[in-house]
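1. generate a structure from the sequence data that follows.
(chains A and B)
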There are 2 protein chains.
Amino acid sequence: MRVAGLISGTSADGIDVAVVDIDDRIQVVAATTVPYPDGVRAAILSVSGAASISRLNFLLGELFAEALQHAGVPLETIDLIGSHGQTIFHEGEPVDFLGRRVASTLQIGEPAVIAARTGIETIADFRPADIAQGGKGAPLVPFLDYQLFCHPEIARVALNIGGIANITVIPAGAKPKDVVAFDTGPGNMVIDALAPPFDRDGAAARGGSVNDALLAELLADPYYQRQPPKSCGREQFGAEFVRATGIDVATATELTARTIALAIGRYPGTGEVIASGGGVHNVYLMERLQALLKPRLTTSAEFGIDPDAKEAILFALLAFETHQRRAANLPSATGACKPAILGKISPAT
Amino acid sequence: MRVAGLISGTSADGIDVAVVDIDDRIQVVAATTVPYPDGVRAAILSVSGAASISRLNFLLGELFAEALQHAGVPLETIDLIGSHGQTIFHEGEPVDFLGRRVASTLQIGEPAVIAARTGIETIADFRPADIAQGGKGAPLVPFLDYQLFCHPEIARVALNIGGIANITVIPAGAKPKDVVAFDTGPGNMVIDALAPPFDRDGAAARGGSVNDALLAELLADPYYQRQPPKSCGREQFGAEFVRATGIDVATATELTARTIALAIGRYPGTGEVIASGGGVHNVYLMERLQALLKPRLTTSAEFGIDPDAKEAILFALLAFETHQRRAANLPSATGACKPAILGKISPAT
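-> Got it, this is the predicted structure:
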């Protein structure tokens, strides 16, 4: 077997490369050192925050392994784990960085720790392989939506109402390449920021009244008219948004419902909208949505999928696909140039 | 197949867990959410430095993939890549962190990018699995030293003179568990800090004279008498050490030679010392070493191993072992409670 080895040492001078043939013995075919380009060594040596991120990565690995043991399923019956980890940075669009264009994403929750504590092979870090193929590393959920909800005769939209709301549009009898997915705008995020503790059932919004002038102004944001693929970030609808707009909970709820309905309205053939995510518990939001939507609105529970567990189910499925060495990104959703086998496999010992 | 999925979303409230059975369809066996312990959510949301580390991780992936193409070996002949990446943090001994004891390590150089650019399966991140088993995540090189140099009748010491110097002690006919490895003290580090550009052949040291009083004082450091396993950090022998001691290059070179000889002297049966690392090019250092050592001193070149390429060769070998699903840490060297299959596998698409 011919194997290449790569390392840059702690002095960060450059990359040592060796190519060896391994059978009974190790025979060196080639060896060289390639210095780092200007600026890279300095960037490495001056990196900050590495200690906290490194420690958090290992601590979260322990916590993720412990969390699994709370599911009440004997570990010895589980064959495989798929762990998304905790995103601490995501930049799906490339930016200028040390003379290159770089898109990147960073999830932590050390899978080697999860594999060691559980004794189960653990696949993690599902987003980088899509970014490496030019994708945005997100959304990944359309792969699950397609598997669960694709119907030969009914066009469906899977709607996830998390902090941000996003939809997966699945035409009747769709092939994977026909699937479209994008963020519609705010999900629970603005509502959460305004009504702590979370206006779970929407009672506060129901009791309030919508500021129509502000709503009209917010709906004029060109984002809502842009063609997909498109995505919005947490920073767009966070505390600063609340402060700058002076929005109230009724208007925030209406903004969420209207922008979701607007997005789904672009797909007039849609027969069913299947919701999941924390937002499905907001009764008033769901009522407003059904009022604004032509298609029937239901939740993933109708399909045996706990609306709060859909993302965790997704990463179980993605691990399964990687275990079978099958690609599991949808390039039509992420913008990748090709399908990619996602994730990294940490073997159990 | 029964697969567990784990995720904490961007709101970092806690860990969603789902366990599903996957065959023709996806059946949910269990689902739950486990909140993060106090303090963890705050630590995640306040993490700093993640943007630079995330971007550097992806940029280094590109640079590592490009470096391999400088080795002059056609990529289509290479079956597998083992990449150590670039260490940006290493803390093999546990510290208090958010109410737990945590040891950790952090290497960057995204292997999904290396696999995508080369089309070759890439195994990376070799240290975490050893730390997950209670080891220090280092040294890993004894596994290679053992494979290369174990001899039925000759006791050997593999000596690596990098920034820090370390030895692997391989008794005649040793089993893996008989192998001892530890840092002896400074390697090129103090010399490098004093004589830029690097006193490569030791001419400056040869022309200088040793400050015997300072040398005696430095040799009195209890580190040199401590029982292995033990390791020293870059910070111990960096610019601050040079400033605090006022050491000159002749004394630094003698300190390096004497501390290496002292460590090897603890193993009186040693028949051969096989050196590698940048320090082997320091002719004067090698002369001093041979003068201080009873066993014959040679370099790994005698065994067909380029002394500058040994670490890169190591990671090729470790990838090969992981590919075969064989453990490749030596618990006697790292302190791990058991052997572990090292690294994470990024499949090529």
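2. wait, is residue A:312 part of a helix?
-> Yes: judged by DSSP: H, G, I helix; E, B strand; the rest coil, residue A:312 forms part of a helix.
3. got a list of what residue A:316 touches?
-> Contacts for residue A:316 (C-beta atoms under 8 Å, 6 or more residues apart in numbering or on different chains) come out as A:80, A:82, B:3-5, B:18-20, B:22. C-beta: built from backbone N, CA, C; applies to glycine.
4. contact partners for the nearest residue to residue A:270 once chain neighbours are set aside?
-> Spatial nearest neighbour of residue A:270, excluding adjacent residues (C-beta to C-beta, 6 or more residues apart in numbering or on different chains): residue A:295 at 4.6 Å. Shown in contact with residue A:295 (C-beta under 8 Å, 6+ apart): A:157, A:264, A:270-273.
5. looking at those, which is nearest chain B?
-> Minimum distance to chain B across the contacts of residue A:295 is 18.4 Å, recorded for residue A:272 (C-beta to the nearest C-beta).
6. let me know whether residue A:306 touches residue A:280 as I believe.
-> No: under the criterion of C-beta atoms under 8 Å, residue A:306 lies out of contact with residue A:280, with a separation of 10.2 Å.
7. please parse chain A into its domains.
-> Domains of chain A are assigned by automatic domain parsing as A:2-43, A:48-138+A:329-346, A:141-310.
8. could I get these as CSV with mean pLDDT and distance to residue B:330?
-> Listed next are these as CSV, based on pLDDT from 0 to 100; distance: least, C-beta to C-beta, whole Å:
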stretch, mean pLDDT, distance to residue B:330
domain A:2-43, 94, 17
domain A:48-138+A:329-346, 97, 17
domain A:141-310, 93, 41
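9. out of those, which one sits most buried?
-> domain A:48-138+A:329-346 (a mean of 23; mean count of other C-beta atoms under 10 Å in any protein chain shown).
10. so how far does that one reach from one end to the other?
-> In domain A:48-138+A:329-346, first residue to last residue: 27 Å (C-alpha to C-alpha, to the nearest Å).
11. same deal with stretch A:337-349?
-> 35 Å.
12. just stretch A:151-170 next, same as before
-> The first-to-last residue distance of stretch A:151-170 comes to 8 Å (C-alpha to C-alpha).
13. repeat for stretch A:342-349
-> Span of stretch A:342-349 from end to end, C-alpha to C-alpha: 22 Å.
14. so is it next to chain B?
-> Yes: judged by C-beta under 8 Å from any C-beta of the partner chain, stretch A:342-349 and chain B are in contact via A:343-349.
15. same deal with stretch A:157-167?
-> Yes: residues of stretch A:157-167 contacting chain B under C-beta under 8 Å from any C-beta: A:162-163.
16. is residue A:164 bridged to anything, and to what?
-> Residue A:164 has the following beta-bridge partners by DSSP bridges: residue A:186.
17. show me where chain A has its helices.
-> A:40-45, A:50-68, A:111-118, A:128-132, A:141-149, A:189-194, A:203-207, A:212-219, A:239-245, A:249-265, A:283-292, A:310-323, A:331-334 (DSSP state H).
18. any chance of the ones you listed in TSV, plus distance to residue A:75?
-> Output for these, formatted as TSV (distance: least, C-beta to C-beta, whole Å):
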stretch	distance to residue A:75
helix A:40-45	39
helix A:50-68	7
helix A:111-118	5
helix A:128-132	27
helix A:141-149	24
helix A:189-194	34
helix A:203-207	41
helix A:212-219	48
helix A:239-245	40
helix A:249-265	39
helix A:283-292	37
helix A:310-323	15
helix A:331-334	32
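19. so what's the one residue in chain A that gets nearest to chain B up against?
-> Across chain A, the shortest distance to chain B (C-beta to the nearest C-beta) belongs to residue A:49, at 2.0 Å. Residue A:49 makes contact with B:47-50, B:52-53 under the criterion C-beta under 8 Å, 6+ apart.
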